[in-house]
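Asks: sequence first, predicted model second:
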Amino acid sequence: KTLSIDLERFVIICDEAHNLSSVCSEACSFEISTKKLENCISELSTLIEKENTELDCPKDLLEAMKDSLLMFIQAVEGREIVNENALEIIYPVLENCNINQDSCDIYIEASTKIINFASNNEVRKYSPLSEFKSFLQILFRQGHTIEDFKNYYKIHIEKVKSKNNILFGSSNRNEVEIKINLWCFNPYYALQSLFESGINSLILTSGTLSPLDMLQKELQVDFPVKLENPHVVDDSNIWAGIVSHGPDGTLLNSSFENRNNPLYQKSLGNLVVNIAMRVPDGLLVFFPSYMALSVSLDFWKQSENGSESIYDNICKHKLPVIEPKQSLQFSSAIFDFYQKLENPDFNGAIFFAVCRGKVSEGIDFSNKNGRAVIITGLPFPSSVDPKVIKKKEYLNDLRKNTGRSDLLSGYLWYQQCATRAVNQAIGRVIRHRYDYGAIILADERFLTYTNHISAWLRKHFVTYGPQDFGIIIQTLKGFYNRLENIAPETPQKKVDIHAALRRRNMNSASVFQKMKNLEKNPIKPAEVKTNNISNKQQRIRKFRKQALDLLSTKEYNLFQSHLHNYRTKKTRYREFSDTLIELFRTSKTKYPLLLGILDFFSDSQQAIFKKKVIKTIGDIFTNEPEMLEEASPKGVKRRSNNEVTPPKKRKKMNYDFVSGEFTSKSPPKVNIDKLVTTVPNEPKDDIPDEFDTEISIGIPSQNITICCVCSNRPVVPFQSKICGHICCYNCWNEYLEKEATCPVCKDKARK
């Protein structure tokens, strides 16, 4: 009607039709408050006083409208209309206020003229009478009787705090207004006008329409043609399980009564930790509500007796991102998630989100962006929400009054709301033919709701009992190991955050700036890179998987903790390397890890680490070359110590800090206070142990300073002002060009 389109003989296609019922109901629903009606009276008073000749409305008509509105406000505030009798009494009350079927058409015509007159006003183009006009059009809809309204609507009256109004004066913060809600609970009321327009066909499509019979009952429309297809992905690319108990055997139930149970929260948190360890790349965890999300995260962040919290253990494996409530912050969260997925120091990222939230609809987590999804509970609507209560009452009364048992009951509708939100969240992963992923339903109540899950997924579900958590981990591990090796590489679909955010009207400058950056440098996680950095990242990921196989859970967590501290510069290289040697020397089966750990160090640190290993354990690099092949990923051959080409002898070059180039000339005399400070030729306490023997051979130790990187005696030694480590000109500048950190301890350093 707004676009003046004649729909006769049209074919209407509704995509994402799982929302059709709510969209139709919202389109026919309306709310108006006494404050809005007072604004209408204020505008009518202004028009009566000014007597505008341009407005084609008699003064008597404007005064009659004003009197009718005053009487209606007095009736509402005098509690003549209450929730118990609202549907029966509202039309008699309106009749007493001279608002009926006859006067309604006159008032609507007059309101239209006033609205058009206000739209031509350069100062204020809005008229509050548009609210009153919509209110009358719903109550006195053309072609429908009062009985039709009673059959399709419920009225709810509530007191709410007034909001400030810029155009018509601000209200007191403590002022209370009465709101009248006209809620349409029958979507067929909206679809009826569509059918009356003479359309040829109505086609509904969605990936989450199932179960179709319940959708027909809710819409009250009989669809003669129904098609429910399987997924395009192979069955072997889907892992689906209903997990009723946590790792410790505690029953998983996220109901409101059990949500604050410490045993439940601990068991659920440990389940997420174990899944995060085994699932590569992106992991999505959906909660029933923002409150449930907040309760779980607050509990997981608590530590017992000074030990690491559950949240800390999750963060050791995957970098966390939490879905924000504010829409303007959502773009930053998505951007942060995609960035954290590319961090090679962690096994991907984890997104804590909410069913029916922004993450659960409209965002594509294909390929490595979403390798698994965990649903922690059934997202039932709030049972104390007045709209939910009225909807259930309406559906139950409709079945009772019509005697039709085939109509949807309030209880079934309440269940359908939860399972439809679950199906929508599950659909974030496995987005194309070659994609693969795992779906984990972590709530024992899902055992009774499998018939409500999408048809393509039902046959894949396996139920796991209280003693089966070990089987879950084993099968998940085998699932990903198999598919990582045989799944074909497919081009990653470009992450169109721009379109996703535009649908939600997120038009802030910061959002679009980030989207422009993504368009210039799009993130392509699945694209295979051939440069050296990518190969190193691949070796690091392979090493992590090997560490999971060779180390116990306690040892692996200890290794992850030390690695995290080293990467965040809380631990220095010397302490980190000593810890690793002590951890991996306990068994010969762990020796390959000493080889794989080399990729975490710089070239100079690798030489130092090898010397430590040879001094402590023996020359495993030469004596056991077969371990090198075991520690290397497929397709990347690591050469043994005998095959490594000796490094080229470093030329005696000096760095010209004025020209910024290396030169064979003597170093110029410049002020180097902004670089690193020169040090006298005297011993330092923090020289690594590897150089102790070299210092003491034939030369008095007080007359020598050793470069901590190349082990040579520098012509002009330089010392960092922050950490105190000593290096020569060449070594300092070689590393400061790559990153602004000390090559020995990774502390910050600058030229």
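Replies: It's in.
Asks: could you measure from Thr112 over to Cys57?
Replies: Distance, Thr112 to Cys57, using Cβ to Cβ, to the nearest Å: 10 Å. Backbone N, C-alpha and C define where each C-beta goes, glycine included.
Asks: swap in Asp578?
Replies: Taking Cβ to Cβ, one finds Asp578 at 89 Å from Cys57.
Asks: so which of the two has more stuff around it?
Replies: Cys57 (18 against 13; other Cβ atoms under 10 Å).
Asks: look up how far Tyr107 lies from the more buried one.
Replies: Distance from Cys57 to Tyr107, counting by Cβ to Cβ: 11 Å.
Asks: next one: Leu215
Replies: Leu215 is 39 Å from Tyr107, by Cβ to Cβ.
Asks: what does Phe72 give?
Replies: 12 Å.
Asks: which of those two has more neighbours?
Replies: Neighbour count, other Cβ under 10 Å: between Phe72 and Tyr107, Phe72 has more, with 24 against 21.
Asks: and the more buried one, what does it touch?
Replies: Contacts of Phe72 were listed using Cβ atoms under 8 Å, 6 or more residues apart in numbering, and they are Leu37, Val93, Leu94, Cys97, Ile99.
Asks: hmm, try it at 10 Å
Replies: 34, 37, 80-81, 90, 93-94, 96-99, 132, 135, 180 (Cβ atoms under 10 Å, 6 or more residues apart in numbering).
Asks: cool, Glu575 as well?
Replies: His562, Asn565, Tyr566, Cys745.
Asks: filter those residues down to the ones in helices?
Replies: Among these, the members found in helices (DSSP state H) are His562, Asn565, Tyr566.
Asks: wait, isn't Ser33 in contact with Phe132?
Replies: No - the pair Ser33 / Phe132 is not scored as a contact, 11.5 Å apart, by Cβ atoms under 10 Å.
Asks: with neighbour numbers in mind, choose between the two.
Replies: Phe132 (28 against 20).
Asks: quick check: next helix or strand after the helix or strand where the more buried one lies?
Replies: Phe132 is part of helix 129-139 when elements are defined by DSSP states H and E. As assigned by DSSP H and E, the chain's next helix or strand after helix 129-139 is helix 146-152.
Asks: could I have the helix holding Phe132 exported to CSV, CA atoms only?
Replies: Taking Å, rounded to 0.1, in the frame of the first residue of the first chain, the C-alpha atoms of helix 129-139 are listed here in CSV:
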residue,chain,number,x,y,z
LEU,A,129,-1.4,12.9,15.0
SER,A,130,0.1,10.2,12.8
GLU,A,131,0.1,8.1,16.0
PHE,A,132,-3.6,8.8,16.6
LYS,A,133,-4.4,8.0,12.9
SER,A,134,-2.7,4.6,13.1
PHE,A,135,-4.5,3.9,16.3
LEU,A,136,-7.9,4.5,14.7
GLN,A,137,-7.0,2.5,11.5
ILE,A,138,-6.2,-0.6,13.5
LEU,A,139,-9.3,-0.3,15.7
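Asks: so Lys368 sits against Asp281, correct?
Replies: Yes - under the criterion of Cβ under 10 Å, Lys368 makes contact with Asp281 at 3.8 Å.
Asks: of these two, which one has the most company?
Replies: Taking other Cβ under 10 Å, Lys368 and Asp281 do not tie; Asp281 has more neighbours (22 against 17).
Asks: can you pull the contacts of that one?
Replies: Asp281 neighbours (Cβ under 10 Å, 6+ apart): 318, 341, 347-349, 365, 367-372, 437, 480, 484, 525-526, 541.
Asks: what distance do you get for Ile608 to Phe601?
Replies: Taking Cβ to Cβ, one finds Ile608 at 8 Å from Phe601.
Asks: what residues do the two have in common as contacts?
Replies: Common neighbours of Ile608 and Phe601 (Cβ under 10 Å, 6+ apart) are Tyr573, Ser577.
Asks: of all pairs in the contacts of Glu575, which one is the farthest apart?
Replies: His562 and Cys745 (14.6 Å; Cβ to Cβ).
Asks: residues shared between the contacts of Phe72 and Tyr107?
Replies: Asn98, Ile99, Phe132.
Asks: and which of these is nearest to Gln546?
Replies: Phe132 (71.8 Å).
Asks: that closest one touches Cys40, doesn't it?
Replies: Yes - with contact defined as Cβ under 10 Å, Phe132 counts as touching Cys40 (5.0 Å).
Asks: next, show the common contact partners of the two.
Replies: With Cβ under 10 Å, 6+ apart, Phe132 and Cys40 have common neighbours Ile32, Met65, Leu69, Ser111, Ile114.
Asks: ok so, going back, between His562 and Cys745, which is the more surrounded one?
Replies: Neighbours per residue (other Cβ under 10 Å) separate His562 from Cys745, with Cys745 holding more: 23 against 18.
Asks: please report the distance of the residue nearest to that one when sequence neighbours are not counted from Ala75.
Replies: Nearest non-adjacent residue to Cys745, counting by Cβ to Cβ, 6 or more residues apart in numbering: Arg572, 4.2 Å away. According to Cβ to Cβ, Arg572 stands 78 Å off from Ala75.
Asks: follow-up on the earlier one: could you report the neighbour count for the residue nearest to Cys745?
Replies: Arg572 has 18 nearby residues by other Cβ under 10 Å.
Asks: this completes my enquiry, with thanks.
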